[in-house]
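I would like the atomic coordinates for the input below:
(chains A and B)
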Amino acid sequence: MKTKINLILSALTILLLSSCEDIVQLEGVKADQLLVVEAMINNQAGEQVVKLTKSQNYFENAAPIHVQNASVQVQDNLGNTYSFKDVKNNGYYVWTPQNTTQRMGVVGRKYTLKVVTEGETYQAVTELKRVPKIDSLLYQFGEVDQNQQTKDDIKEGYEPQFYARDLKGEGDCYLIKSYKNGKIMGDVGNFQLMYDASFSKGDGADGFLFLSPIRRSIARELFQENDIVKVELFSITEDHFNFWLKAQDQIRNGGLFATPPAYITTNVFNVNKTSSKKAAGWFATVGLSTFETKIEKSKARTGLK
Amino acid sequence: MSKLSKILFLLLFPIGIFAQKVTVNGYVKDAKNGETLIGASVFVKELKTGVSTNNYGFYSITLPQGNYNLIFTSVGYERIVKPITVTGTNLTFNLEMKEEGTELSEVVVTSKREDENVKSLEMSVNKVEMKTIKKIPALLGEVDLVRAIQLLPGVSTVGEGATGFNVRGGGVDQNLVLLDDAPVYNSSHLLGFFSVFNPDAVKDVKLVKGGIPAQYGGRASSILDVRMKEGNAKKLEINGGIGLIFSRISVEAPIIKDKASFIVAARRSYADVLARPFLKESQRDNLFNFYDLTAKVNYNINQKNTVFLSGYFGRDVFGQKFSFNWGNSTLSTRWNHVFNDKLFMNTTVFYSNYDYLLDSDAQNKNPKDAFKWSSNIVNTSIKPDFTYYFSPNNTLTFGGQVLTYSFKPGKATVTSSGDKSDLGQPDKNGVEYSAYVGNELKVSEKLSLQYGLRYSKYDYSSKDDVYYERKSVPVSTENPNGIDLDVVKNTKDATIKSYQNFEPRLSVKLQLGEQSSIKSSYNRMSQYIHLMSNTAAATPLDVWTSSTNNIKPQIADQITLGYFKNFGKTGNEFEASIELYYKELQNQIDYADNANLFLNATFEKDLLFGKGRAYGAEFFLKKNKGKLTGWASYTLGRTERKVEGLAQGQWYLSRYDRTHTLNLVAQYELNKKWSFGANFSYVTGVPYTLPEQKIVYSGGYLPIIPQGTRGNIRVPDYHRLDISATKKNKHALFGKGESEWVFGVYNLYNRRNPFSVYAQTNSENSLKTEAVQLSIIGSAIPSITYNFKF
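Numbering: from 1, shown residues only, chains lettered A, B, ... in the order given. Next comes the predicted model:
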């Protein structure tokens, strides 16, 4: 919902006469560095990664600092322990399965992350949520829409939509990523989020077919014949959904209708609550459904929009 | 007998005491168009005492029998001396005054009585005539009442183009904006760029910031009282203008000469019409327009009865397929009745509505996948006000009001492939009852008093079968502010919560000779409605909500002290004042991090409550006469809030805190043909909050700030110069009437004034973050307007 409101309001702002934006130089505020955790352990077979970095002053434009020599372990509620190793010394801690079928993530299990670095122990707890299947991916030929980015003079093309139905029972949260010929579309600031089949909690769309604007959200660009379109649907916890909402709000927070900057929550905490060393980021475990298809003229539909 | 019991005695037995005296009363009007004159002075030469006409041009003065000379004065009009003989019977005396026929059409900047600044009990009051407002250089040449108000001391905004205005540290929702007594909830078109008031239909504007008399209530910080013209009672008059944004036209004429007249005024923006041919079809859907219609009829039935009917309807419309539109409508009827020579009544019945509608499928092309969202606030009210004129030195006002509120804070319908669901907040109702009594008393030549008491009671009820009760809980990810809501069963329409408040008001004036005075005032105001707005500038989507069991009424206490002096050749050429104010606000709302205020039934969970304070000094100097007129105003002020959960529970600067505000307004009448205007503003930047750190996540940067941080930087200062030139033509288009060209440049020296500074990721390089300064107006904006009248 908020997205929509922001969209309207920013459209209004654009209408306004001669507004303009200038980059200005500012000194940041000094603050204690945070340990940053980024992980999305999924329910597929294969390697899993936990990435560790440190926070920076907002206006400092150096490369992020990787955290090395940390001990990283994940334990599930059945007592299985998974060790992550920084093989390349670049802050990417990797768990490698013993064989091609071994899976770390299973729907319904709870996972606890433990990171030990610079004498402090950090911990995060999460659960791997159920995810619905993507039923189909259909597309229609047409003119470019104003929501879509156009490159050069492409005015027409195929607009894909993916079809899936929210699982019965309130509180399923999802994150959607889409790809064009293997290249991700969108970024951290605008990946599509879902609460049941709609945008946010309380929309009352439990068990619905995903709402039309969400189905169409993957068409950030138009596709041409033989392009490959791929959609990934991740199930996330409600807390993680809230984290994403807050994060995206903060990334887009500017202009005439900016709200005061707000704290972005985390699920990673220092075991020693009195320590001044704190963490940020999110340790997530997700269920993943993917669907991929090649655009063919003969299979294009009409009347989807 | 103590002074107090004397006063009470006077109140109870007024007739007996003044029985041997006789009352002279009547209406004072403009000879040219029959408009009543507000605030004209009626002075009895022999007794060195006088009164002013009220908001309806009515006066009443009680005198002992004898022969007198009544002197009628009103700035800009010829002085009239009328000898009268007061014998046994009461006298009705209506008067029409002619405009001064000076060589040059002198610009008049002042309130109607020349010495009002010093002699009147009012303080913290600014009156600006439409004539003056029309000469202030305006953005795109559109004469704007609200933007003119912002040039007065103690008034500010959060930034260029922001909706509404802030008075002495109060929120935009703390101003009672009245159009012919009906409240207007959103005073702006196109966000805050243009005000909803059509300049051709407005007669008089008064801003009351302090020393608020007992008849006003319902808002914590100020009253903006806008009175519409009655319409020319003598002859047909057509005014109009063609500008870059709007075109406007107004027609006024007598229905029965000198008895009944009307005015109809309309405006419409036409940027959308002009732009249409140059846009691609897909872009045409984003077109934007706004319009308003203002109308008023009055009928002077007889000397004792006059009725008025006035209405306003305005709308901003954005988009066609995906449509978003909002606007106000008001309708008010008023009945002026003179019971006897001393008792005057005005009863107002009004209706006011502010609503918006958002529809993803306005043309109903795809009803299976749609989103509709609407919200409104509706008022209906009856409000009798009485004035009893005991003597020129003693006036009693009393009255009451019943005001009903209906809140639809937001209802939305989502449809997906035919599946339908409703969401939003349940409807709420409120009834505000109030009664007041006030007395203005000239105790001696030196000392005058105005004191009064207002009582208000508010009943809140809900249309839902449950309501919510806030409670403290341990902090968790679900309840990050440590607040949760209990669901309580409710009987629909039953009163859930009642509030009542006594609001004492007091103003004192001590006259220091003819040319100067000291005034002081205290007032308490209570307010039962709140605008939920968490953005840098208020938006048309913001929701008005009732005081509830969780949201307590806003209460303001203000004390002021001022020194007033007039000086110059004629004694009243210059007006000057210095005022100090201190205001305390209770039950102020701020918002928790990530507060969700839209379509959220449990929004009360995201509110934080605290208190506010504002204090400052206002300096004002105004030149009323001569070729050069204008004013300089400077305000040194501070506005703070203290809210648990924000800024570690310490006082922090509110988002409309402005340390220095300087406004210079000058108007120069060169000759009959040419006149010029200029204004300059300098304002300290608003406090703002920026993130401290960033973290890398999912291929981009996220900004990080400790919870509840407020105002860790200030936006750079704002300053701007505007100029205008007006060329009067002898004849309008068809060889009749008058016309003029107005040329202007807004933001003459092309400054990119910052509205806000915010942090963002560079749009080309997602690994680079930067601070961005947003300027709403980034260049000089020239304008040209053609106005006509015939």
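
can I assume A:His240 sits in a helix?
Yes - under DSSP: H, G, I helix; E, B strand; the rest coil, A:His240 falls within a helix.

what helix or strand is the residue nearest to it when sequence neighbours are not counted on?
Distances taken as Cβ to Cβ, 6 or more residues apart in numbering or on different chains put A:Ala284 closest to A:His240, at 5.2 Å, once the chain neighbours are dropped. Any C-beta I mention is one placed from the backbone N, CA and C, and that applies to glycine too. Assigned by DSSP states H and E, A:Ala284 falls within strand A:278-294.

and what of B:Tyr522?
In the assignment (DSSP H and E), B:Tyr522 maps to strand B:516-527.

partner strands of the following helix or strand past that strand, parallel or antiparallel?
Next helix or strand after strand B:516-527 toward the C-terminus (DSSP H and E): strand B:529-532. Paired strands of strand B:529-532, with direction, are strand B:543-546 (antiparallel) (DSSP bridges).

mind checking how far the very next helix or strand once past the strand it pairs with is from the chain centre?
Counting by DSSP H and E, the element after strand B:543-546 in chain order, helix or strand, is strand B:554-567. Remark: strand B:554-567 is offset 18 Å from the chain centroid, using Cα atoms, centre = their mean, to the nearest Å.

give the rounded mean pLDDT of strand B:554-567.
Averaged over strand B:554-567, pLDDT sits at 96.

so it versus strand B:516-527, what angle?
Taking axes from the mean of the first three to the mean of the last three Cα atoms, to 10 degrees, one finds strand B:554-567 and strand B:516-527 inclined to each other by 160 degrees.

what are the buried residues along the helix or strand following strand B:554-567?
Scanning forward in sequence from strand B:554-567 by DSSP H and E, the next helix or strand is strand B:574-591. For strand B:574-591, the neighbour count (16 or more other Cβ atoms under 10 Å in any protein chain shown) marks B:574-579, B:581, B:583-591 as buried.

how about stretch B:54-69?
For stretch B:54-69, by 16+ other Cβ under 10 Å, it's B:54-63, B:68.

which two among those are spaced furthest apart?
B:Asn55 and B:Tyr68 (25.5 Å; Cβ to Cβ).

who's B:Val226 bridged to?
B:Leu179, B:Val205.

distance of it from chain A?
Counting by Cβ to the nearest Cβ, to the nearest Å, the separation of B:Val226 from chain A is 25 Å.

and A:Tyr195, how many neighbours?
By other Cβ atoms under 10 Å in any protein chain shown, the residues close to A:Tyr195 number 23.

that one contacts A:Trp244, correct?
No - using Cβ atoms under 8 Å, A:Tyr195 is not in contact with A:Trp244, being 10.7 Å away.

skipping adjacent residues, who's closest to B:Leu207 in space?
Closest to B:Leu207 by Cβ to Cβ, 6+ apart is B:Asn126, at 4.7 Å.

quick check, pLDDT for the closest residue to B:Phe197 other than its chain neighbours.
Distances taken as Cβ to Cβ, 6+ apart put B:Leu145 closest to B:Phe197, at 4.6 Å, once the chain neighbours are dropped. Looking at B:Leu145, its pLDDT stands at 90.

which of the helices and strands in chain B ranks last by mean pLDDT?
The helix or strand of chain B with the lowest confidence, counting by mean pLDDT, DSSP states H and E, is helix B:14-17 at a mean of 40.

following it in sequence, what is the next regular element?
Once the chain leaves helix B:14-17, the next helix or strand it forms, by DSSP H and E, is strand B:22-30.

next SSE after that following strand?
Beyond strand B:22-30 toward the C-terminal end (DSSP H and E), the next one is strand B:41-44.

and that next one, how far from the chain's centre?
30 Å.

do the same with stretch A:169-181
Offset of stretch A:169-181 from its chain centre (Cα atoms, centre = their mean): 8 Å.

ok, which stretches of the chain are helices?
Going with chain A. Ranges of helices in chain A, per DSSP state H, are A:2-15, A:212-215, A:238-251.

um, chain B though
Counting by DSSP H, the helices of chain B are B:3-12, B:14-17, B:116-119, B:130-133, B:145-149, B:271-275, B:281-284.

convert the C-alpha atoms of the fifth one to CSV, please.
Which is helix B:145-149. Output of helix B:145-149 as CSV, limited to C-alpha atoms (Å, rounded to 0.1, in the frame of the first residue of the first chain):
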residue,chain,number,x,y,z
LEU,B,145,-4.3,34.6,0.7
VAL,B,146,-2.5,31.8,2.6
ARG,B,147,0.9,32.7,1.2
ALA,B,148,0.3,36.3,2.1
ILE,B,149,-0.5,35.2,5.7
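
report the distance from it to the chain centre.
9 Å.

what does the fourth one give?
Here helix B:130-133 is found 16 Å from its chain centre; the criterion is Cα atoms, centre = their mean.

residue ranges with poor pLDDT in chain A?
Low-confidence regions of chain A, defined by pLDDT under 70, span residues A:1-18, A:28, A:146-147, A:149-153.

which parts of the stretch 301-450 of chain B sit against chain A?
B:318, B:324, B:358, B:366, B:369, B:371, B:414, B:416-417, B:419, B:421-423 (Cβ under 8 Å from any Cβ of the partner chain).
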